[in-house]
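J.: Requesting a structural model of the entry that follows:
(chains A and B)
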Amino acid sequence: MISKYVESASSFAGDIDHLIWLVTVIVGFWFFLAEGVLFYFILRYTAQDGVKGQYITGEDPKQKRWVAWPHYLTLLFDVWIIIAAITVWQHVKQAMPQADSTVRIIAQQWAWTFVHPGPDGKLDTPDDIKLVDELHVEKGKTYHFELQSRDVLHSFSVPVFRLKQDAIPGRTIRGWFKATMAGGFDIQCTEICGIGHALMPARILIENHEDQAAWVMSKSPAAAATGGTP
Amino acid sequence: MSSSSTATAQAPEAEHDAHGHGHGHDAHGGHHAPQSFFHKYLYSTDHKIIGMQYLFTGMFMALIGGFTVYAFRMQMAFPGMSVPGYGRVSAGDYNALVTTHGSVMIFWVAMPVLIAALGNYLIPLMIGCDDMVFPRLNRLSYQIFLLSVIVLIASFFVDGGAFGGAWTSYPPLSAKAQYNLTPLGAPMCLTAVALEFAAFLMGGINFVTTVMNSRAPGMKMFDVPIVIWSIIIASILFMASVGPLIAGAIMLLFDQTLGTAFFDPNKGGDPVLWQHLFWFFGHPEVYVVLLPAMGIVAEVIVTFSRKKLFAYKTVLYTMVGTGVISFFVWAHHQFVAGIDPRMANIFSVTTLLVSIPVAEMVFVYIATLYGGSIRLTTPMLWALAFIAEFLLGGVTGIYLGSSGADIYFHDTYFVLAHFHYTFFPIAFIAVFAALTYWFPKMFGRYMNEAWGKVHFWGTIIAFNFIFIPLFLLGARGDHRRIYDYTHFPDLMKPGMQDLRVLATVSLVVLLCFQVIFVVNYFLSMVRGPKASANPWKANTLEWAAPSPPPHGNFPDGLPTVHRGPYEYSHPDRQEDYWPQNAS
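T.: Coordinates of the predicted model:
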């Protein structure tokens, strides 16, 4: 449903889309049923000359069951949705699968800084690759991210991943993703952060293994010259 | 008890000796001569005048809220254009306009109109007494509210302009001028909100006390009309939830002006604390305005379907249930805000559970229509439209309460469309139902029915054409509070800008149709055909008073209540209604 308009580019995007589809089917059924009954009653019971309204208190259990049964059913459907929602939530936000690599994402008014680990695969070494408003990741690899903010709240959102996480100054918030589709997509800031809030577009570039390796080499002249030791 | 006996003694002619009655009625003391215009309309303690002061102030603020949305929606549809009547919208202007729209519509339109205006006007009339228990407190409440309006409007014109950090005012953005660039606008906006809450606290105390003490003789708890119950439950919710926010607002004000660090992470504070305090109030607040709207709809649909309300007690209990659950759902606004992810599971459960009493209310209203004799007058159209539109707002909330789906939808236009499908029915559709339904009572005249229907259809159709496109845009990834999408290639795919233009054009149409309402409303006050005391043949006590009710409400003495408020089409009666006070 969502993937018809927004590419599905992470391992969990499909799970979230499926949850959205499930909710749509369930609430869609209730929505159209309720609207249908509402409009039917309006048309069926329009005032007619000489026909008085019926006197129904709604206190008798025989009458009450007309709202009680739909009521119990909504509870049942709610439980279904809750189970599905929490399952997806735990997979995306609570569980942290083993990482192949880690990137650091630093938000500030009004730019993103992405710190890539460089050829040694580790952060906080001199070969780290720092880029503004451009995040490079490899397709099929599981990444952890460390999300930080230098000033106010921001939110790291990648619609094609169906991923969103607020950044809070003074904290490092961890999460994960695994890209499943090569290409370039928008990164958004989805928490209002001042007058430049609309000016924080960044791009995520998802590359195949070879392209990623070539990019890492091209960004590490020192590494290329000395054979990898800083 | 004692108050109702007080009230009995207080036919308007006897007002001058009201000094002996205690219970705050001393405010009536000593007007022998006809009151001056100032005392009658601007400095009155009469609940009806105070209700109208709130109503007209709310209407005026709705003009501001409407103008701001016009300006920023034009910028989104046509980036960079010079908006007619405003000029070019800069990024800073855009944030200030969005913030002002949100704050004004919630705090200065929905709250004053639904709770303060209707509560003040209806409570004494519908429970059959002559005024509020604390009339002077009531007057003070409006005066403080007016002060809050003045502070807010002044903040538009100070150096740096109005605050632009969203109505939620999340720190650190709201806490430091170096981040928000509005050194005066931010504290003024917060001060205005705090003043307004003080005003509504006084109103809430008054409402609850009045209904508990001053009901007409014979009116038992289950004879109180649902709209009055809904305002009482809403007032209790408001009073119970607002404390943490007032505390938080003062802490934030100190952070802004005195350099304290309650929410400053660099000095040991925590910005997420504000979010908890804000939403602990902010979510019950949704139900504070929803319940009175639901109450209005109940009154209107029973009157125009000539039916007894289906399961009165169930409606009452679901309202209480909604109120109680609403205190345990606040963190669903914070699923991705950096809270412990395990907490989201609990709040996802409570959030979906709140759908049950609300759904029950909607089922009951639909069941009330069964077997009725439905008259599609203008107020009835509004009330039915409330149910039809609110349903969509309600069911789309399920997506957002489902934590897994909220990861994608959070802070997108899907959220925005969802809550406008709840708040627009609450603050406008239900309010139009109320204003048209009680118009003959308030002003003793009818509104023009044909123009009323033109206004209805123009508003309802345009409303759907604004927000259905926004649901689609949200599902396609449009995030909120962005003044120009052209920087985002994925959000400029074919058709997306067309949807933004469609929403904006529909908004302009909707705003134009409001002119019809304003003209019809104010012209009908002086030109409309005269209305009798009970033009709709309704049961509740306000229709026992003359239209418009004089000071003191019931010149022939206070009514005595013999039955519940919804005895329509009773089999033992020739007529299809049975007023509560008829013997």
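J.: So residue A:135, which state does it fall into?
T.: Secondary structure for residue A:135, judged by DSSP: H, G, I helix; E, B strand; the rest coil, is strand.
J.: any weak-confidence spans in chain A?
T.: A:221-230 (pLDDT under 70).
J.: Could you name whichever residue is most remote from the centre of it?
T.: Using C-alpha atoms, centre = their mean, the residue of chain A lying farthest from its centre is residue A:50. It sits 58.2 Å away.
J.: That one and chain B: what is the separation?
T.: Going from residue A:50 to chain B by C-beta to the nearest C-beta, to the nearest Å gives 10 Å. Glycine gets a C-beta too; all of them are placed from N, C-alpha and C.
J.: repeat for residue A:26
T.: Residue A:26 sits at a distance of 8 Å from chain B (criterion: C-beta to the nearest C-beta).
J.: Surely that residue touches residue A:77?
T.: Yes. Between residue A:26 and residue A:77 there is a contact under C-beta atoms under 8 Å: 5.2 Å.
J.: just to revisit the earlier point, so what's the residue farthest from the centre of chain A up against?
T.: Going by C-beta atoms under 8 Å, 6 or more residues apart in numbering or on different chains, residue A:50 touches no other residue.
J.: Now with 10 Å, please.
T.: By C-beta atoms under 10 Å, 6 or more residues apart in numbering or on different chains, the contact list for residue A:50 reads residue B:373.
J.: Then the one 5 residues further on?
T.: When contacts are counted by C-beta under 10 Å, 6+ apart, residue A:55 touches B:306, B:307, B:308, B:371, B:567, B:568, B:569, B:570, B:571, B:572, B:573, B:576.
J.: How much space separates the fourth one from residue B:310?
T.: Residue B:371 is 10 Å from residue B:310, where distance means C-beta to C-beta, to the nearest Å.
J.: Which residues are in contact with each of the two?
T.: Joint contacts of residue B:371 and residue B:310 (C-beta under 10 Å, 6+ apart) are residue A:56.
J.: Which one's more surrounded, these two?
T.: Counting neighbours by other C-beta atoms under 10 Å in any protein chain shown for residue B:371 and for residue B:310 shows that residue B:310 has the greater number, 28 against 19.
J.: residues near the closest residue to that one other than its chain neighbours, how many?
T.: Nearest residue to residue B:310 in three dimensions, chain neighbours excluded: residue A:58, at 3.6 Å (C-beta to C-beta, 6 or more residues apart in numbering or on different chains). Using other C-beta under 10 Å, residue A:58 has 21 neighbouring residues.
J.: wait, residue A:58 sits on residue B:302?
T.: No. Applying C-beta atoms under 10 Å, one finds residue A:58 not in contact with residue B:302, separated by 11.6 Å.
J.: what touches both of these two?
T.: B:308, B:309, B:310, B:312, B:368.
J.: Run a quick neighbour tally on residue A:170.
T.: 16.
J.: what's the answer for the one 3 residues further on, then?
T.: Taking other C-beta under 10 Å as the criterion, the count of residues near residue A:173 is 18.
J.: Leaving out chain neighbours, which residue sits closest to it?
T.: residue A:147 (4.5 Å).
J.: Residue in the stretch 351-500 of chain B with the shortest distance to chain A?
T.: Residue nearest to chain A within the stretch 351-500 of chain B (C-beta to the nearest C-beta): residue B:404, separated by 2.9 Å.
J.: quick one: contacts for the closest residue in space to that residue that isn't next to it in sequence?
T.: Nearest residue to residue B:404 in three dimensions, chain neighbours excluded: residue A:88, at 2.9 Å (C-beta to C-beta, 6+ apart). Neighbour list for residue A:88: A:12, A:15-20, A:22, A:162, B:402-405, B:407 [criterion: C-beta under 10 Å, 6+ apart].
J.: 6 Å instead?
T.: Taking C-beta atoms under 6 Å, 6 or more residues apart in numbering or on different chains, we find residue A:88 in contact with A:15, A:16, A:19, B:404.
J.: For residue B:204, state which of these is nearest.
T.: residue B:404 (37.5 Å; C-beta to C-beta).
J.: Might one say that that closest one is in contact with residue A:85?
T.: Yes. Judged on C-beta atoms under 6 Å, residue B:404 makes contact with residue A:85 at a distance of 4.5 Å.
J.: And the average pLDDT for stretch B:438-448 is what?
T.: Mean pLDDT, stretch B:438-448: 97.
J.: Please apply the same query to stretch B:340-353.
T.: Mean pLDDT, computed over stretch B:340-353, is 95.
J.: who's in contact with that stretch?
T.: For stretch B:340-353, the external contacting residues (C-beta under 6 Å, 6+ apart) are A:78, A:82, A:85-86, A:89, A:93-94, B:325, B:328-329, B:331-332, B:335, B:401, B:403.
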